[in-house]
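[1] Build me a structure from this.
(one chain, ligands or ions: 2)
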Amino acid sequence: MADYEKIKEASSKHPKPADKTFQYGTAGFRMKANLLNSVVYRVGLLAALRSRKLNGQTIGVMITASHNPPEDNGVKLVDPMGEMLEASWEPYATELANAQSEDELVKIYEKLTEDVKAKPGAPARVIYARDTRASGSTLVACLKDALDATGTEYTDYKHLTTPQLHYLVRCVNTKGTQYEYGEVSEQGYYKKIAAAFKQAMKHKKTTGPVTVDCANGVGGPKLVELKKHLPGASEGGVDIKVVNDDVLKPEALNSQCGADFVKTQQRAPPSSKISSGDRCASLDGDADRIVYYFADKDNTFRLLDGDRIATLAASFLADLGRASGLAEQLKIGVVQTAYANGASTQYVEKNLKLPILCTNTGVKHLHHAAQRFDIGVYFEANGHGTVLFSPAALKAIANYEPQSPAQKNALETLRAVTELINQTVGDALSDLLLVEVILAHKGWTCQEWLNTYVDLPNRLVRVEVKDRNIFQAVDAERKLEKPEGAQKDIETEIAKYTKGRSFARASGTEDAVRVYAEASTRGEADDLAARVSAVVRRYGGVA
Ligand SMILES: CC(=O)N[C@H]1[C@@H](OP(=O)(O)O)O[C@H](CO)[C@@H](O)[C@@H]1O
Ligand SMILES: [Mg+2]
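    Numbering: from 1, shown residues only. Ligands and ions are numbered 1, 2, ... in the order given. Sure, this is the predicted structure:
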């Protein structure tokens, strides 16, 4: 039961920096780690309240700042099924984080407890983990203070990838039910996906190794651990070469490596020693994102980003649906954001002939939209995504009696793939193995994967303005509603280019407006991005 005096007392150890305003954004709270003590303490209070409200279902707290620099950190909450915190609770987190005094904090907490109708006597349960940042242990101490003050039961899972924590939250809450997701332990995670991988790779072989850059983050040691459970190349598995897995040098985290570096710089990490044709992948700092890349025969860098993983997975699942005789029950759809390359959208619609939805940026939006399909494939272009199978789809896949050996084969692979994919959230380790399985089944090299369609040249620019909040986007962020007149001016610029597409929106994680542009040539895409950026500056004022 919550004891408000205790909450107040513990809170006084973690005072809020007076001049700061916090906001629970697309990825929870994220900023310089030394500003986060009070925020993490208060997120702990909210986690306890959310668990009480849900009668003691376990809530997850992840301390990470993903691809941000080493001196940053962050915190986000995980809901009972391993999903992101329900959006209607985000403002509560913001409100608690911004309370100026202990008295105000407790007043807000009491009021929230009443408003959400949490039973004060209900149990509260939380599990938590962190990435490898040096500031993690201090922040964990702040979190613990909140959990103790609120009489919460908790388990510290120490270092985990973000998706591993999501997995564990779902496992705890489904334990002993018909929806049991897996064994509640880190080892259980490895065992589940390794068994699924073995099954999915039956009779198939990968060609050559895959080199995985782990951004010197928590994904490194976890991939090394996962490898121990996987068959090696000679046993029908895959040869995974782990690089950039040094977690003992905190300053190396996300520095000149990792998925964000590769995606935004459109080049391999400078430390990379790849030769033409080598298959490579990069994870981000908390291993919930992955991108692939290789150097083609002319030694030109080629990126295979989230859009490519989505199209690869959708085409594979559609093939399996047809081959298993389940196509009718398994309607596949793809979910993207406005940042998806226009060529990928066209490929899904015209070649794969699958329905496609466009949502706002941020995986929670994509995740919800993907739940509208039997099989919903969602990826952000930056490599964060997964595949969701509806309960009805899982049931159909589990119960179907195959009518031929070919159907039986396809069905077995499909079953394995449902186990391999982390359905709680995008998971770089699980997505890595999924891509490896698909390439092995299709017998494809990266070049063949790349050949499926030709990306439109594109440019993503960050524009700093006085107040980014005046830029209000609508229509899945593809158009600006405000400031008035800006959209018309952007469209005037777009009209000047062949296959031109461009939009501007305020970032949810940085103090800037992002401008995206694509067109038929590199020069045109760059030009269009520059012109739309100029429009944004004209309306937003130079910062
Ligand atoms: C263009 C882009 O890559 N935007 C990223 C970025 O959001 P912004 O709201 O654009 O700052 O961070 C989000 C959280 O990590 C991620 O989900 C999203 O894809
Ligand atoms: Mg991440």
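[2] which ones are touching residue 48?
    Counting by C-beta atoms under 8 Å, 6 or more residues apart in numbering, residue 48 touches 2, 59, 124, 126, 146, 147, 150, 151, 152. C-beta here means a position set from N, CA and C on the backbone, and glycine is covered the same way.
[3] With distance to residue 249 added, can I get the residues you listed in JSON lines?
    Shown next, in JSON lines, are the contacts of residue 48 (distance: C-beta to C-beta, whole Å):
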{"residue": "2", "distance to residue 249": "41"}
{"residue": "59", "distance to residue 249": "33"}
{"residue": "124", "distance to residue 249": "37"}
{"residue": "126", "distance to residue 249": "31"}
{"residue": "146", "distance to residue 249": "31"}
{"residue": "147", "distance to residue 249": "31"}
{"residue": "150", "distance to residue 249": "36"}
{"residue": "151", "distance to residue 249": "39"}
{"residue": "152", "distance to residue 249": "34"}
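[4] so what's residue 89 up against?
    If a contact means C-beta under 8 Å, 6+ apart, then residue 89 has 46, 50, 77 as its contacts.
[5] Take those and keep only those in strands.
    Counted as lying in strands by DSSP state E, out of the contacts of residue 89, are residue 77.
[6] Nearest to ligand 1, out of the contacts of residue 48: which one, please.
    residue 59 (20.3 Å; C-beta to the nearest ligand atom).
[7] what about that closest one, is that helix, strand or coil?
    For residue 59, the assignment made with DSSP: H, G, I helix; E, B strand; the rest coil gives strand.
[8] That one - how many residues pack around it?
    By other C-beta atoms under 10 Å, the residues close to residue 59 number 29.
[9] now it: how far from residue 48?
    Taking C-beta to C-beta, to the nearest Å as the measure, residue 59 and residue 48 are separated by 8 Å.
[10] One more: residue 148?
    Residue 148 is 10 Å from residue 48, by C-beta to C-beta.
[11] Run through the protein and note the low-pLDDT ranges.
    Scanning the chain for pLDDT under 70 picks out 1-2.
[12] what does it have sitting close to ligand 2?
    66, 284, 286, 288 (C-beta under 5 Å from the ion).
[13] what about 8 Å?
    Residues of the chain found near ligand 2 (C-beta under 8 Å from the ion) are 27, 64, 66-67, 162, 259, 284-289, 384.
[14] Residue of the stretch 51-200 of the chain nearest ligand 1, please.
    Using C-beta to the nearest ligand atom, the single residue of the stretch 51-200 of the chain nearest to ligand 1 is residue 66, 6.0 Å away.
[15] how about that residue, phi and psi?
    Residue 66 adopts backbone torsions of phi 50, psi -120, taken as degrees, to the nearest 10.
[16] Wait, it touches residue 287, no?
    No - using C-beta atoms under 8 Å, residue 66 is not in contact with residue 287, being 9.2 Å away.
[17] overlap in contacts of these two?
    Residues touching both residue 66 and residue 287 by C-beta under 8 Å, 6+ apart: residue 162.
[18] Which of those two has more residues huddled nearby?
    Set residue 66 next to residue 287 and count neighbours by other C-beta under 10 Å: residue 287 wins out with 32 against 28.
[19] which residue sits closest to that one, ignoring its sequence neighbours?
    Among residues not flanking residue 287 along the chain, residue 219 sits closest, at 3.2 Å (C-beta to C-beta, 6 or more residues apart in numbering).
[20] repeat for residue 15
    Per C-beta to C-beta, 6+ apart, closest to residue 15 is residue 38, 6.1 Å.
[21] distance of the one you found from residue 97?
    Separation of residue 38 from residue 97 (C-beta to C-beta) stands at 7 Å.
[22] do the same with residue 364
    Going from residue 364 to residue 97 by C-beta to C-beta gives 19 Å.
[23] same check, this time on residue 503
    Note on residue 503: its distance to residue 97, by C-beta to C-beta, is 30 Å.
[24] ok, now which ones touch the residue in the chain that ligand 2 sits nearest to?
    With C-beta to the ion as the measure, residue 66 is the residue of the chain nearest to ligand 2, at 3.2 Å. Going by C-beta under 8 Å, 6+ apart, residue 66 touches 27, 30, 74, 131, 162, 284, 285, 286, 288, 289.
[25] quick one: contacts for the residue nearest to it when sequence neighbours are not counted?
    Setting aside the residues directly before and after it, residue 66 is nearest to residue 286 in space (C-beta to C-beta, 6+ apart), at 4.7 Å. Neighbouring residues of residue 286 by C-beta under 8 Å, 6+ apart: 62, 64, 66, 131, 161, 162, 217, 218, 219.
[26] Show me how the record splits the chain into domains.
    Using automatic domain parsing, the domains assigned to the chain come out as 4-159, 189-302, 306-450, 458-540.
[27] would CSV of the ones you listed with distance to residue 173 be doable?
    Shown next, in CSV, are those (distance: least, C-beta to C-beta, whole Å):
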stretch, distance to residue 173
domain 4-159, 4
domain 189-302, 15
domain 306-450, 11
domain 458-540, 28
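[28] To residue 176, which of those lies closest?
    Closest approach to residue 176 among the domains of the chain (C-beta to C-beta): domain 4-159, 13.1 Å.
[29] How far away from the center of its chain is the closest one?
    Chain-centre distance of domain 4-159: 20 Å, with C-alpha atoms, centre = their mean, to the nearest Å.
[30] swap in stretch 299-313?
    With C-alpha atoms, centre = their mean, you get 17 Å for stretch 299-313.
[31] what do you get for stretch 372-379?
    That offset, for stretch 372-379, works out to 15 Å (C-alpha atoms, centre = their mean).
[32] buried residues in that stretch?
    For stretch 372-379, a neighbour-count test (16 or more other C-beta atoms under 10 Å) marks 373, 374, 375, 376, 377, 378, 379 as buried.
[33] what about that stretch and ligand 1, any contact?
    No - using C-beta under 6 Å from any ligand atom, stretch 372-379 stays clear of ligand 1, coming no nearer than 10.0 Å.
[34] just to confirm, which helix or strand has the residue nearest to residue 66 in it?
    For residue 286, there is no helix or strand it lies in under DSSP states H and E.
[35] need the contacts of residue 89 in CSV with neighbour count, can you?
    Formatted as CSV, the contacts of residue 89 follow (neighbours: other C-beta atoms under 10 Å):
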residue, neighbour count
46, 25
50, 24
77, 24
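[36] so which of the contacts of residue 89 comes closest to residue 86?
    Taking C-beta to C-beta as the measure, residue 86 lies nearest residue 50 of the contacts of residue 89, at 8.4 Å.
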